[in-house]
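Asks: give me coordinates for this.
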Amino acid sequence: MLAHQRKHLILEQLQVEGQVQSKNLSDRFGVSEDTIRRDLRELAAEGRLQRVHGGALPSSSAVATFSERKSLKTDVKMKIARKGTELISSGQVVIVDGGTTTSELIACLPDDLHITVVTHSPSIALGLVDKPEIDVILIGGRLYKHSIVSVGAAAIEGIGNIHADIFFMGVTGIHPEAGLTTGDYEEACIKRAFSGRAAETVVLVSPEKVNAASSFVIGEVGLINTIVVDSETDDNWLRSIEGKGITIIKA
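Replies: Sure thing, here's the model as predicted:
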């Protein structure tokens, strides 16, 4: 079997099973694990999968640039965001992470809702300018241009002064075993810090994030309390997440 044929079959298996293991692939194709690791390494370099210890997981398309991500699953993101707004009550302090789905979330907030929003995203802050009853606290720091958010020591220091009711966390992947992941190390640190300052952490899970993984771990799935997902999300995946003690809300 030629290498490109083997890689095609690896990707097919990954799509069907949600993960692949190097040892099983070695046995299946009758080649060494070194050969399989090379295949996985080359596929990872092409952005086709995310390598993990012992094998690989689907890579997340949510690591694309902000402008590219805005066009992904737009209708579904709007539906999930609208459902997410139902978790917010008047008088709360709400942390809103940067991202395209959270941008839809703030657009759905009613004009008469009185809350305080804490964010490290300038675009989220600007999106709330015309909401007269919403106070905005913008966390400063070094601007990470890929995601248009503040990161670094100054951001961590600012986050430490907050006690919030709810945090809407953005992720690029959520997987029962690989956990919550994102495409940048400093972003992962910021997300963990925000989660530690909120009574409840919620993830709005659009389809491209389901069962996918990126390079940097935010934490285990148990770090969050609730996910909001599309009603057509795979039931087997939902059961695996629910088994971690996570509340699931379908939009």
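
Asks: make it CA atoms for all contacts and neighbour counts henceforth
Replies: OK.

Asks: tell me which stretches of the stretch 1-150 of the chain form strands.
Replies: Assigned by DSSP state E, counting those that start in this stretch, the strands in the stretch 1-150 of the chain fall at 20-21, 49-52, 55-58, 93-96, 115-119, 134-138, 142-144, 149-151.

Asks: what is the subsequent helix or strand relative to the last one?
Replies: The reference is to strand 149-151. Scanning forward in sequence from strand 149-151 by DSSP states H and E, the next helix or strand is helix 153-159.

Asks: any buried residues in that following helix, and which?
Replies: For helix 153-159, burial by neighbour count (16 or more other C-alpha atoms under 10 Å) applies to 155, 156, 159.

Asks: any chance of these in TSV, plus pLDDT and distance to residue 133?
Replies: As requested, the buried residues of helix 153-159 are exported to TSV (pLDDT from 0 to 100; distance: C-alpha to C-alpha, whole Å):
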residue	pLDDT	distance to residue 133
155	96	25
156	96	27
159	97	22
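
Asks: with distance to residue 181 added, can I get those in CSV?
Replies: Formatted as CSV, the buried residues of helix 153-159 follow (distance: C-alpha to C-alpha, whole Å):
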residue, distance to residue 181
155, 20
156, 19
159, 20
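
Asks: so where's the longest helix in the chain?
Replies: For the chain, the longest helix by residue count, based on DSSP state H, is helix 3-17.

Asks: for that one, the distance to its chain's centre please.
Replies: Here the centre of helix 3-17 is set off from its chain's centre by 25 Å, with C-alpha atoms, centre = their mean, to the nearest Å.

Asks: from the contact counts, what lies against it?
Replies: Contact here means 3 or more C-alpha pairs under 8 Å, 6 or more residues apart in numbering; DSSP states H and E; on that basis helix 3-17 packs against strand 20-21, helix 33-45, strand 55-58.

Asks: mind exporting the last one as PDB, just the C-alpha atoms?
Replies: This file holds the C-alpha atoms of strand 55-58, laid out as PDB (Å, rounded to 0.1, in the frame of the first residue of the first chain):
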ATOM      1  CA  GLY A  55      -2.300   8.400  18.300                       C
ATOM      2  CA  ALA A  56      -4.400  11.300  16.900                       C
ATOM      3  CA  LEU A  57      -7.700  13.100  17.200                       C
ATOM      4  CA  PRO A  58      -9.600  15.200  14.600                       C
END
